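Q: sequence first, then the predicted structure, then my questions.
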Amino acid sequence: MSPRTPLDTVKHAAATPDVQQPFRELGMTEDEYRRVRSILGRRPTGSELAMYSVMWSEHCSYKSSKVHLKQFGDKAPASDALLVGIGEQAGVVDVGQGYAVTFKVESHNHPSYVEPYQGAATGIGGIVRDIIAMGARPVAVMDPLRFGAADHPDTARVVHGVVAGIGGYGNCLGLPNIGGEVVFDPCYQGNPLVNALCVGVMRHEDIHLAKASGAGNKVILYGARTGGDGIGGASILASETFDSDKPSKRPAVQVGDPFQEKLLIECTLEAFAEKLVVGIQDLGAAGLSCATSELASNGTGGMRVDLSTVPLRDHTLSPEEILMSESQERMCAVVTPENAERFLAICEKWDVTATVIGEVTDGERLEIYWHGELIVDVPPRTVAHDGPVYHRPMARPGWLDALQADTPDRLARPRTGDELREQVLALVSSPNQADKSWITSQYDKYVLGNTVLAQPEDSGMLRIDEETGLGVALATDGNGRYAKLDPYAGAQLALAEAYRNVAATGARPLAVTDCLNFPSPEDPAGMWQFAEACRGLADACRTLGTPVAGGNVSLYNQTGDVGIHPTPVVGVLGVIDDVARRTPMAFAEDGQMIYLLGDTREEFGGSAWTDVVHGHLGGLPPAVDLERERLLAEILINASRDGMIDAAHDLSDGGLVQALVESCLKGGRGARIVVPDGLPAFTFLFSESTGRAVVAVPRSEEVRFTGMCEARGMPATRIGVIDGDSLDVQGEFSLPLTELREAHTRTIPALFGHTRHA
Amino acid sequence: MTTRIGVVTFPGSLDDRDAQRAVRLAGGEAVPLWHRDTNLHQVDAVILPGGFSYGDYLRCGAIARFSPVMETVIEQAKAGMPVLGICNGFQVLCESHLLPGALTRNDHLHFICRDQKLRVENAATAWTSDYAGGQEITVPLKNGEGGYVADERTLDELEAEGRVVFRYLDVNPNGSRRDIAGVTNAAGNVVGLMPHPEHAVEPLTGPTTDGLGFFTSVLKKLVTA
């Protein structure tokens, strides 16, 4: 406490109603400020204002998105799988045999542009704590990433920092990185998207919720000491008089310490195992403001906290700053008085600082003291849950009609086998379609010893029971180009692709997490895109029977007037009874038959071909057919379970030829392909029609497999055979695997520098 | 009586569970050892697993070397107990001077995770007797600071005495001198390497099962000893 600034206590606030408060600098509107005054019946203290301003921010309160997100609950399909749904820190899914899995994807977009390494690193840290806070042991991470143009001079800075940050933090935590995406597009130049997904496993009985109940229970803050990092640039200090005792403004990006996080994981799990925890919450955005108000409001409401007991890294911090600090690697637990000592002993064992900072009371107010003086006295629900809700104006963008009318029909198509050959090479060597192992080889995929599939497979797959072989699969997908052309369809296409990817590996899709990355909600066009995407995703989840278990919204991905493509990223979680039955993507055995499942139509709007060959974006994205996706998934899952197929690969961006090249290169085997009658070779190879996959069928299983497809009405076309050491499209062109491999693998290292991953 | 193999857990150890699993799959009993423990609980051999021992913000393994458990491990290793250091464990063994040389930042400056081909140069150590001399194996490698360095004289000595146990084949992934992936002490009971044999013990989760030989080697040696 600085001697020169009088402490703004509750008493002082009540006595000085006319003090001007810096609500605008803290990002609050006048209406919002007036609302706080009316809730409290007086002006808020500085500390209260700090809490309301961060908790009512877009990031914490979802005030612009809430009305649209509601559909995920309202339209949710009936599902027995969801044990804990939206609203908790992460959803929990029943995967059978007494196991529950929790998973969630979150964004760390803005910090990752400002400071790529720490932004990406702390993104992993935050999502991992969300998973621990549900009672689960984190078992893997995934990273959907989007960067600016691959050859833009600033892109390398962001790529290097983000990849090193994810690796530096995730590798130190001992969590395998099993998948994700890497996409380059100029629309992300000033707003890269760094999303992080974590998945954790627990037994049903171990689910924990953020809840402070039981008067007299202790509130324990543990983990890192609290510092001045992560306090928004517009902190309360911005309008205070200059105080020479204080250090200069700290940057708004937090700094991560993965070793501290690893200790936090182990000591939290040990406390769970001994059943010491009544309620728990991680400290992420809005730090202690969020943790105390959420814990209290999810319980009976009453909590008393002595802020002067919080261990500090910087003793000059004011109470407002302590409440707003986003220092990483901290958690808050509620523990009964008789278990408090044991809880502290476990923290001590792991060298984790732990302090009793308060207790649950039988009142209904959150009271926070600073050296004996009351500085916060609020109904906690008004901070955590009763924030403003906005119905922001929406309008279908005026440019959309012209964009949709500019179809790819006018684009020149390859006319000869040689031209096709050239365009296949151009496609598979383009930054978005090229091999990404330069990035993924900087992540540990082996640690914990349960990784059954990892990138570049269609989904990442983990064994969760070594005895029974029970496992889960996860895939994340999103296509901003499709969503730009039609956000409703774009969100559905993202879900359809992730769903298909999970099924392609043999797992049954169960539930969804989403990270909705959009431009500013204050632009009616951006808001319309967001609303359309939510509507599309909620509708599709209902049809596919996969409820949204949780997720995250990131708005304001916009620089000046230029917003990103609307980019809903969808993660799908699936379950597989025995991971030994999984289906990999590699063509592994000569002589096996290659089948194309599904219908191929002339669909090129938003496709990789239009981007790579013509730099074009227009028309409509491929048609969505969710019933077909369901059927395809059933075929793939049954075929995997009954051993009818040895390889499967989903068809998405880049179409059939991209999938064939990847499966050939992964297995080190070529393929002889015949273009089916009635289909132009170009359409056959490059179309991005949905609901399709390519599979390799051993000859001994061919009759059984085609019989199953026919019985269920799934189009299955035999298009070739695994053979030789080139990709040979008969009558059109032949490409040796060596040439394909060179084209596919050289691009990313050439852009970003070499490692020795190959 | 089953053979007891201790696996040390430092607070930042990551591959300790994997090492325990590998011991079990090879037929031994895995005994968890805590870094603050000076008592080795009657184990017959010790594995120092991969990870970041105490965060390794200083030099990798530099603090772990002074941990209570290492005091006893160093003493027992000098008395002939088989000790295997994998990745971070190798770094700890070098910092402890049980093995010569040091591990430095990969020459390309990136963390790297890949399936690495190795040649077994010495099949006479406590941890490699189930391999044939010259045998080629593939196990995962994952490190940021795996470049093996030592002065020329030490390197010459290691070569002359047959103490280079593993050499990288095809690709030198981190700039190690003379492609050295692992070394042993003069007695052959202490072995350290950067690659991770414990991640190559099951066909389902590893690129091969080539790593199993480390664990069967030491179990056989201890049974016949």
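A: Cool, the structure landed.

Q: how about residue A:156, what does it touch?
A: The contact partners of residue A:156, by C-beta atoms under 8 Å, 6 or more residues apart in numbering or on different chains, come to A:751-753. For the C-beta atoms, the positions are set from N, CA and C on the backbone; glycine is no exception.

Q: what about it, which SS state?
A: When states are read from DSSP: H, G, I helix; E, B strand; the rest coil, the local structure at residue A:156 comes out as helix.

Q: tell me the pLDDT of it.
A: At residue A:156, the model reports a pLDDT of 94.

Q: up against chain B, what does chain A have?
A: With the criterion set to C-beta under 8 Å from any C-beta of the partner chain, chain A comes near chain B through A:164, A:167-168, A:171-174, A:257-260, A:262-263, A:266, A:350-351, A:441-452, A:463, A:466, A:579-580, A:754-758.

Q: re the thing from before, which of the contacts of residue A:156 fall within strands?
A: The strands in this structure, assigned by DSSP state E, contain none of these.

Q: which one of those residues is nearest chain B?
A: Using C-beta to the nearest C-beta, residue A:753 is the member of those that lies nearest chain B, at 8.0 Å.

Q: how much space between that closest one and residue A:160?
A: Note on residue A:753: its distance to residue A:160, by C-beta to C-beta, to the nearest Å, is 8 Å.

Q: all strands for chain B, in order.
A: Across chain B, reading from the start of the chain, the strands by DSSP E fall at B:4-9, B:29-34, B:45-48, B:83-86, B:102-104, B:112-120, B:136-143, B:147-149, B:164-168, B:180-184, B:190-193.

Q: export these to TSV and tack on mean pLDDT, mean neighbour count and distance to residue A:669?
A: What follows is the strands of chain B, written out as TSV (pLDDT from 0 to 100; neighbours: other C-beta atoms under 10 Å in any protein chain shown; distance: least, C-beta to C-beta, whole Å):
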stretch	mean pLDDT	mean neighbour count	distance to residue A:669
strand B:4-9	97	25	40
strand B:29-34	97	18	39
strand B:45-48	98	28	38
strand B:83-86	98	30	34
strand B:102-104	96	20	38
strand B:112-120	97	22	18
strand B:136-143	98	23	19
strand B:147-149	97	22	35
strand B:164-168	98	23	27
strand B:180-184	98	28	30
strand B:190-193	98	29	32
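
Q: any weak-confidence spans in the chain?
A: No chain specified, so I'll use chain A. Along chain A, the model assigns pLDDT under 70 to residues A:1-5, A:86-89, A:210, A:230, A:232-253, A:754-758.

Q: oops, wrong one, chain B.
A: In the prediction, chain B carries residues with pLDDT under 70 at positions B:1, B:225.

Q: can you show me the helices along it?
A: All helices of chain B, identified by DSSP state H, fall at B:16-25, B:68-78, B:88-95, B:152-160, B:212-224.

Q: may I see the buried residues of the shortest one?
A: This points to helix B:88-95. When burial is assessed from 16 or more other C-beta atoms under 10 Å in any protein chain shown, helix B:88-95 yields the following buried residues: B:88-95.

Q: quick one, which of the helices of chain B is packed in tightest?
A: Among the helices of chain B, the stretch with the highest mean neighbour count (mean count of other C-beta atoms under 10 Å in any protein chain shown) is helix B:88-95, at a mean of 28.

Q: quick one, phi psi at residue A:333?
A: Main-chain torsions, residue A:333, degrees, to the nearest 10: phi -120, psi 150.

Q: that one: what's it in contact with?
A: Residue A:333 makes contact with A:219-220, A:222, A:268, A:271, A:277-280, A:343 under the criterion C-beta under 8 Å, 6+ apart.

Q: and with 7 Å instead?
A: Contacts here follow C-beta atoms under 7 Å, 6 or more residues apart in numbering or on different chains; on that basis residue A:333 touches A:220, A:222, A:277, A:280, A:343.

Q: that older thread, okay if I get the helices of chain B as JSON lines plus distance to residue A:682?
A: Formatted as JSON lines, the helices of chain B follow (distance: least, C-beta to C-beta, whole Å):
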{"stretch": "helix B:16-25", "distance to residue A:682": "48"}
{"stretch": "helix B:68-78", "distance to residue A:682": "65"}
{"stretch": "helix B:88-95", "distance to residue A:682": "53"}
{"stretch": "helix B:152-160", "distance to residue A:682": "58"}
{"stretch": "helix B:212-224", "distance to residue A:682": "50"}
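
Q: which residues touch stretch A:382-398?
A: Contacts to stretch A:382-398, defined as C-beta under 7 Å, 6+ apart, come from residues A:32, A:35, A:39, A:51-52, A:55-56, A:61, A:63-64, A:66-67, A:293-294, A:297, A:521, A:524-525, A:527-528, A:531.

Q: if we can go back for a sec, now the helices of chain B as TSV including distance to chain A?
A: Conversion of those to TSV gives the following (distance: least, C-beta to the nearest C-beta, whole Å):
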stretch	distance to chain A
helix B:16-25	4
helix B:68-78	14
helix B:88-95	11
helix B:152-160	21
helix B:212-224	13
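
Q: so which of those helices comes closest to residue A:370?
A: The minimum distance between residue A:370 and the helices of chain B falls on helix B:68-78, with 40.9 Å, by C-beta to C-beta.

Q: the closest residue to residue B:175 other than its chain neighbours: neighbouring residues, count only.
A: The shortest distance from residue B:175 to any residue other than its chain neighbours is 2.9 Å, reached at residue B:107 (C-beta to C-beta, 6 or more residues apart in numbering or on different chains). The local packing of residue B:107 (other C-beta atoms under 10 Å in any protein chain shown) involves 14 other residues.

Q: could you find the closest non-adjacent residue to residue A:375?
A: Going by C-beta to C-beta, 6+ apart, residue A:375 has residue A:47 as its nearest residue, at 4.6 Å.

Q: how much space between the residue of the stretch 601-750 of chain A found nearest chain B and residue A:441?
A: Among residues of the stretch 601-750 of chain A, the one nearest chain B by C-beta to the nearest C-beta turns out to be residue A:749. It sits 10.5 Å away. Residue A:749 sits 10 Å away from residue A:441, taking C-beta to C-beta as the criterion.

Q: now swap in residue A:688 and tell me
A: The spacing between residue A:688 and residue A:441, counted by C-beta to C-beta, is 28 Å.

Q: beta-bridge partners for residue A:367, please?
A: Residue A:367 forms beta bridges with residue A:304, residue A:377, as assigned by DSSP bridges.

Q: swap in residue A:93?
A: When bridges are assigned using DSSP bridges, the partners listed for residue A:93 are residue A:82, residue A:101.

Q: please look at it and residue A:82 and confirm they touch.
A: Yes - using C-beta atoms under 7 Å, residue A:93 makes contact with residue A:82 at a distance of 6.2 Å.

Q: what parts of chain B come near chain A?
A: Within chain B, the positions near chain A by C-beta under 7 Å from any C-beta of the partner chain are B:11-12, B:14-15, B:17-18, B:21, B:51-52, B:55, B:108, B:110-114, B:140, B:142, B:171, B:173, B:196, B:199, B:204-205.

Q: ok, now with 8 Å
A: Proximity of chain B to chain A, by C-beta under 8 Å from any C-beta, involves residues B:11-12, B:14-15, B:17-18, B:21, B:50-52, B:54-57, B:108, B:110-114, B:140, B:142, B:144, B:171-174, B:196, B:198-199, B:202, B:204-206.

Q: what sits against residue 166?
A: No chain was given, so I picked chain A. Residues in contact with residue A:166 (C-beta under 8 Å, 6+ apart) are A:120-121, A:123-124, A:141, A:143, A:177, A:196, A:443.

Q: you looked at the wrong chain, it should be chain B
A: By C-beta under 8 Å, 6+ apart, the contact set of residue B:166 is B:118-121, B:180-182, B:193, B:195.

Q: which one of those residues sits closest to residue A:365?
A: Checking these against residue A:365 by C-beta to C-beta gives residue B:195 as the nearest, at 58.5 Å.

Q: on that earlier part again, now list the buried members of the residues of chain A next to chain B.
A: Buried members of the residues of chain A next to chain B, scored by 16+ other C-beta under 10 Å, are A:164, A:167-168, A:171-174, A:257-260, A:262-263, A:266, A:350, A:441-452, A:463, A:579, A:755-757.

Q: no further queries at this time; thank you.
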